[in-house]
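Peer 1: okay, structure incoming, though there's no sequence with it:
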């Protein structure tokens, strides 16, 4: 316990920085995950079309929806990064 008190001036700021880093990752991860999921869905859609499981009309409709969702996420990211 005495050792903890001696290290407190060094350990507490480091713990605070680690906490801030964790909070930043918590905020960034869902957006990255969404883009990754949409990208995987787009690849799966392409594969289903290539295998003949989807008609061209179904493919184009679903592809457009996914591409618009990806574009919306990218636009939101751009707006957040612009001051």
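Peer 2: Yep, it's here. Quick caveat: nothing in here was measured; it's all calculated off a predicted structure. Numbers count the residues shown, from 1 in each chain.
Peer 1: what's the first helix or strand after the helix or strand bottoming out on mean pLDDT in the chain?
Peer 2: Using mean pLDDT, DSSP states H and E, helix 2-50 stands out as the lowest-scoring helix or strand of the chain, at a mean of 74. Proceeding N to C from helix 2-50, the next assigned helix or strand is helix 56-81, under DSSP states H and E.
Peer 1: which helices and strands does that next one pack with?
Peer 2: Packing partners of helix 56-81 (3 or more Cβ pairs under 8 Å, 6 or more residues apart in numbering; DSSP states H and E): helix 2-50. Heads up, the C-betas are built off the backbone N, CA and C, glycines and all.
Peer 1: gap between the nearest residue to residue 56 once chain neighbours are set aside and residue 57?
Peer 2: Leaving aside its chain neighbours, residue 56 sits nearest to residue 49 (7.4 Å; criterion: Cβ to Cβ, 6 or more residues apart in numbering). Counting by Cβ to Cβ, to the nearest Å, the gap from residue 49 to residue 57 is 11 Å.
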